[in-house]
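Engineer: Give the three-dimensional model of this entry:
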Amino acid sequence: MPNQQTQIQDKPYFIVPFIKPKDPKEYKNLDRRFSIASGYCGVLNVTITVQTPLIFGQGDLTIQPDGVNVVHALSRENGSIALAGSSFKGELRSFFECITPSCVLLSKERTNCKIANGEICPACAVFGGLGLKGKLRFSSFIAHLPVRTEYKVVPQLWSPRIDNHPGRKLYKHSKILEIGTDAIGFNYECLPVKSELTGQIFYEGLTYEELSALLFALGLGWEKPIYHKLGYAKPAYYGSVKIDVTDGNGGNPLSSKPQDSLETLASNYRQNADADLLQAIRVIETYWSDLNGPNQWKTVGANRVY
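Structural biologist: Model prediction:
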């Protein structure tokens, strides 16, 4: 019988196997509390370069320039197109969980962290949890000017039918967005390919391993360059992006960064990976290192897309 990974080869997503968590009691001996004095602090400059049209917003509607169609608008701050820092944080946390032995919410097999008892997984320690302040702050990510947005019709999307899959779901890349001209969908304003968004991540009190894992999650230290997914319509191959990171500490006297470069920190995280982490890394590199994957949607009859 084919395994589940084989059964979903024709889907627009893939499954990253869980990394075996440590015994939660092991976390009790680690200082996971928010403390600038006990860890590294500083700033990361982040540039997001759009590889396939990017859709994000806050539910605002506007009229397309043709004066006819109503569209879901991109979110803006002070007139500039802006991706909310909280949106990027959520996407990054999801991927951080894929490459660390972190907890899984609402899972029968993996329980949430017991923060009150000090049993805190890497993701909750870095990004925060109920009753625990995180160690990261995110600015908004502002689009470089000038930007001429595009308008796309995206079909209505549904949750995938996956039961008891042994891992976390990520969406594949493809530059082929067409899924049938007869598909019923909604109009969206998009950031076009090659657009850039820039922002910052401020970190405070990170351990060496936490900072290494964060940089690895941002895409540094991989044997093959990887592309991330952001925004809406990821199953329809929208939202493929490239993330670049540079050190933003400069001469900031409050920074306490390690002597290693950002690339070295991330590479060390991979070099110290155990078998479970290496398995997850190889699966991610298989699907996230190529933007030219096949489009796996099929138009079946009028107005039906699968």
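Engineer: For beta bridges, what are the partners of residue 185?
Structural biologist: As for beta bridges, residue 185 partners with residue 155 under DSSP bridges.
Engineer: Which parts of the stretch 101-250 of the chain are helices?
Structural biologist: In the stretch 101-250 of the chain, the segments counted as helices under DSSP state H, counting those that start in this stretch are 122-127, 208-217.
Engineer: what's the average pLDDT for the first one?
Structural biologist: Pointing back at helix 122-127 there. If you average the pLDDT over helix 122-127, you get 91.
Engineer: Figure out how far it is from the centre of its chain.
Structural biologist: From the chain centre to the centre of helix 122-127 is a distance of 15 Å (Cα atoms, centre = their mean, to the nearest Å).
Engineer: who touches that helix?
Structural biologist: Defining contact as Cβ atoms under 8 Å, 6 or more residues apart in numbering, one finds that helix 122-127 is touched by 27, 30, 32, 89, 93, 96-97, 100-103, 113, 115, 132, 134-136, 206, 210, 213-214. All C-beta spots, glycine's among them, are computed from the backbone N, C-alpha and C.
Engineer: I'd like to know which of the helices of the stretch 101-250 of the chain is closest to residue 11.
Structural biologist: Nearest to residue 11, of all the helices of the stretch 101-250 of the chain, is helix 208-217, at 23.7 Å by Cβ to Cβ.
Engineer: Distance from the chain centre to that closest one, please.
Structural biologist: Remark: helix 208-217 is offset 14 Å from the chain centroid, using Cα atoms, centre = their mean.
Engineer: same check, this time on stretch 205-218
Structural biologist: Distance of stretch 205-218 from the chain centroid (Cα atoms, centre = their mean) equals 15 Å.
Engineer: on that earlier part again, among the contacts of helix 122-127, which lie within strands?
Structural biologist: Among those, the members falling in strands are 136, 206 (criterion: DSSP state E).
Engineer: Please indicate which of the contacts of helix 122-127 are buried?
Structural biologist: Buried subset of those (neighbour count, 16 or more other Cβ atoms under 10 Å): 27, 32, 89, 93, 96-97, 100-103, 113, 115, 132, 134-136, 206, 210, 213-214.
Engineer: what ranges do the strands span in the stretch 1-150 of the chain?
Structural biologist: Using DSSP state E, counting those that start in this stretch, the strands of the stretch 1-150 of the chain run over residues 13-17, 40-50, 61-63, 70-72, 76-77, 80-83, 136-138, 141-143, 150-155.
Engineer: so which of those comes closest to residue 231?
Structural biologist: Closest among the strands of the stretch 1-150 of the chain, using Cβ to Cβ: strand 80-83, at 7.8 Å.
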